[in-house]
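>>> The following block contains a protein sequence and its predicted model.
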Amino acid sequence: MSYREGHQFSLSQIDLTHEAGVDFSGYSLERLIKLWRKTLENGMHGLCFSLYEDGQKPGDIISEEQVRRRIEIIKPYTKWIRSFSCTDGNEIIPKVAKEYGLKTLVGAWLGDDPEINEREVAGIIELAKDGYVDIAAVGNEVLYRNELNETELLSFINRVKVALPANIPVGYVDAYYEFSDHPRIAEACDVILANCYPYWEGCPMEYSLLHMKQMYRQAVEAGQGKKVIITETGWPSEGGNLKGAHSSSENAMRYFINSQAWSAKEGVDIFYFSSFDESWKVGAEGDVGAYWGLWDKDEHLKY
């Protein structure tokens, strides 16, 4: 996800009567790091799996050894793992995750290439039938990127729903507001899979938890009673600023602590973005794209 004109944060959108999270004003850096570590060690609902090392990018073939090594690193800290594709080695992720006792939210990556779309759909159906999928995500931000229209996306969602065992929920991942803008998509999904990024709307850190709560509530309203899962949220540790949103190690730690505390308190399922820094993501997202991980690109915990 990246900056989108028309979805900037403004103070008028925030209900300041709600709890804004931990008051970090008196925290030293040392105390902040200790709380970040404690939060991580307490565990989280879910974690987005960052697959690519330096020099790698989507489309490269990834080995089982690489997948296994990274899953072994994160498995003590999460109950669920989220993958984004079912091809080029990504199909190994849910298989290894299940071996380690993790639940899986498996994504089929859709875009504007019909051949890749067919491979992805076939891949997620096969993985689900073989027992490696707990929740199936058909597409990720494909409406946000304008690579498929609503009718085309609905066709893929319905194909997968028909093909999968009835006990596997099928959804679609996109920015929280896309489900309000596309009620037919929300209706077709068994579960609403919403990406919520206060950073990408230029929200200052002190209001970020409040803003994420409002994003979540909008997705809940669009879902009309369906379960809503926050499939991505996070904060970059470096790389630049966006309006009032400042990327820094301190803000990345603060956001992680607040989001996990709220998730645990309110029972909201969150897949935190992301596990490891990935250098390839600098592209359209700018420098910040490479710095969303809890671990750095060399697989070391950042703090």
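Happy to help now that I have it. Keep in mind it's a predicted model, so treat the numbers as computed, not measured. Numbering: from 1, shown residues only.
>>> Using neighbour counts, pick out the buried residues of stretch 180-192.
Buried residues in stretch 180-192, counted by 16 or more other C-beta atoms under 10 Å: 182, 185, 186, 188, 189, 190, 191, 192. (Glycine included, C-beta is placed from N, CA and C.)
>>> measure it end to end?
Taking C-alpha to C-alpha, to the nearest Å, the first and last residues of stretch 180-192 lie 11 Å apart.
>>> repeat for stretch 124-137
Start-to-end span of stretch 124-137 (C-alpha to C-alpha) is 9 Å.
>>> Next: stretch 121-140.
13 Å.
>>> Can you pull out the low-pLDDT segments for the protein?
Along the chain, segments meeting pLDDT under 70 span 2-19.
>>> Off-centre distance for the helix ranked longest in the chain?
The longest helix of the chain (DSSP state H) is helix 249-266. Distance, stretch centre to chain centre, for helix 249-266: 15 Å (C-alpha atoms, centre = their mean, to the nearest Å).
>>> What are the contacting residues of it?
Defining contact as C-beta atoms under 8 Å, 6 or more residues apart in numbering, one finds that helix 249-266 is touched by 21-22, 24, 29, 32-33, 35-36, 39-40, 42, 44-45, 198-199, 205, 208-209, 212-213, 233-238, 268-270, 272, 291, 294, 302-303.
>>> Can you point out the buried residues in it?
Under the neighbour-count criterion of 16+ other C-beta under 10 Å, helix 249-266 has 249-263 buried.
>>> of those, closest to residue 132?
For residue 132, the closest of the buried residues of helix 249-266 turns out to be residue 263, at 24.8 Å, with distances computed as C-beta to C-beta.
>>> will you turn the buried residues of stretch 180-192 into CSV that also has distance to residue 106 and secondary structure?
Converted to CSV, the buried residues of stretch 180-192 look like this (distance: C-beta to C-beta, whole Å; DSSP: H, G, I helix; E, B strand; the rest coil):
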residue, distance to residue 106, secondary structure
182, 22, coil
185, 19, helix
186, 20, helix
188, 18, helix
189, 15, coil
190, 14, coil
191, 13, strand
192, 17, strand
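>>> What segments of the stretch 1-150 of the chain are strands?
Ranges of strands in the stretch 1-150 of the chain, per DSSP state E, counting those that start in this stretch, are 44-48, 78-82, 103-108, 135-140.
>>> Adjacent strands (with direction) for the second one?
Next to strand 78-82 in the sheet, as set by DSSP bridges, lie strand 44-48 (parallel), strand 103-108 (parallel).
>>> And the last one, by the same measure?
In the sheet, strand 135-140 lines up against strand 103-108 (parallel), strand 170-175 (parallel) (DSSP bridges).
>>> Let's have the ones you listed in a markdown table, adding mean neighbour count and distance to residue 117.
Formatted as a markdown table, the strands paired with strand 135-140 follow (neighbours: other C-beta atoms under 10 Å; distance: least, C-beta to C-beta, whole Å):
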| stretch | mean neighbour count | distance to residue 117 |
| --- | --- | --- |
| strand 103-108 | 26 | 8 |
| strand 170-175 | 27 | 14 |
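>>> of those strands, which approaches residue 63 most closely?
Here strand 103-108 is closest among the strands paired with strand 135-140 (C-beta to C-beta), at 18.9 Å.
>>> can you redo the strands paired with strand 135-140 as a markdown table with distance to residue 147?
Listed next are the strands paired with strand 135-140 as a markdown table, based on distance: least, C-beta to C-beta, whole Å:
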| stretch | distance to residue 147 |
| --- | --- |
| strand 103-108 | 13 |
| strand 170-175 | 12 |
